[in-house]
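A.B. asks: The sequence and its predicted three-dimensional model are supplied below.
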Amino acid sequence: MTVDAHHHVWDLSVRDQDWIQGPQLQPLRRNFTLADLEPEARAVGVDRTVLVQTITVAEETPEFLALAAAHDLVAGVVGWTDLTRPDIADELARLRELPGGGHLKGIRHQVQGEPDPEWLLRADVQRGLTAVAEAGLVHDVVVQPHQLPACVRTAAALPSLVLVLDHLGKPPIASAEREPWVSHVRALAALPNTVAKLSGLVTEADPATWTVGDLRPYTEIALEAFGPDRLMFGSDWPVCTLAATYAEVLDTARELTDHLSTAERAAVYEGTAQRVYDL
């Protein structure tokens, strides 16, 4: 049994994905649906997934919840809502009452796109994150390395909030740099209410020339810092298709974790996601 704890879907006839700009991302400018993903996932033993928000549009989360209700592949949804809205507790409750609302497991905001590196520390955002925690939801955080210190301070300030670091905080794999990413990740992992995803790494490397060896130094740091019980596999499909097929991403992750014990691998590929997202 394998859980894919991070993937997306979109239909450009429903709405544009305005982040897909430029020639490098051009292959993503088409529809990617659960019907596309399901045969690929099931072929490699993935039987449950977590569907994660792509854009900051309120309508997307109810659509994802409905998808989860209709497809047994999707076990959980990480949606989006405005963390700064005054009535966020009511809004989270409303989302849970929608069709498929029981699949809502977390909230994510595109923090990586915020110009303020300390956006997470704003009083209105912290208030919203407190409401997320009080609702029993987690917060997936997608950031660039320079925004990691704000993640550390947020996790320390809100011990009841589980903070899930997407894509290991986007380490600079393509340039083979380590610091300050390593120091920031270790500081975050030192806090018990933090978890991280082994996801999105093939596209942080050079998409055309990456090797497993390019990724290994970063996954080793993550395994040492978080441990398998606080790490989970995610494909980041379809973004990963810029660099690798779905099967190649999973095979790569398995190669990077093949030195772990059977129990440790079970945590990375099922147990951590099942626990954190209450699947």
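C.D. replies: Yep, it's here. Residues are numbered from 1 along each chain as shown.
A.B. asks: use CA for all of it now, contacts and neighbours both
C.D. replies: OK.
A.B. asks: close enough to count as contact, P207 and L242?
C.D. replies: Yes. Using CA atoms under 8 Å, P207 is in contact with L242, at 6.5 Å.
A.B. asks: Run a quick neighbour tally on A208.
C.D. replies: 11 (other CA atoms under 10 Å).
A.B. asks: Then Q26?
C.D. replies: Neighbour tally, Q26, other CA under 10 Å: 11.
A.B. asks: Can you check the pLDDT for it?
C.D. replies: pLDDT, Q26: 95.
A.B. asks: That one looks like it's in a strand, true?
C.D. replies: No. Assessed with DSSP: H, G, I helix; E, B strand; the rest coil, Q26 is helix; it does not lie in a strand.
A.B. asks: Check the secondary structure at the closest residue to it other than its chain neighbours for me.
C.D. replies: Using CA to CA, 6 or more residues apart in numbering and skipping the chain neighbours, the partner closest in space to Q26 is I20 (7.0 Å). Here I20 is recorded as coil under three-state DSSP.
A.B. asks: Next, count neighbours for I20.
C.D. replies: If you count neighbours by other CA under 10 Å, I20 ends up with 14.
A.B. asks: and it, what does it touch?
C.D. replies: Contacts for I20 (CA atoms under 8 Å, 6 or more residues apart in numbering) come out as Q26, L28, R29.
A.B. asks: thought the second one was touching A243?
C.D. replies: Pointing back at L28 there. No. L28 is not in contact with A243 according to CA under 8 Å; the separation is 11.6 Å.
A.B. asks: And the helices in the stretch 51-200 of the chain?
C.D. replies: With helices called from DSSP state H, counting those that start in this stretch, the stretch 51-200 of the chain shows them at 60-70, 88-97, 123-134, 148-157, 181-189.
A.B. asks: list the buried ones in the shortest one?
C.D. replies: Going back to what we said before, that points to helix 181-189. Under the neighbour-count criterion of 16 or more other CA atoms under 10 Å, helix 181-189 has W181, V182, H184, V185, R186, A187, L188, A189 buried.
A.B. asks: and stretch 16-24, how far out from the chain's middle?
C.D. replies: Computed by CA atoms, centre = their mean, to the nearest Å, the separation of stretch 16-24 from the middle of its chain amounts to 19 Å.
A.B. asks: Great, nothing more from me.
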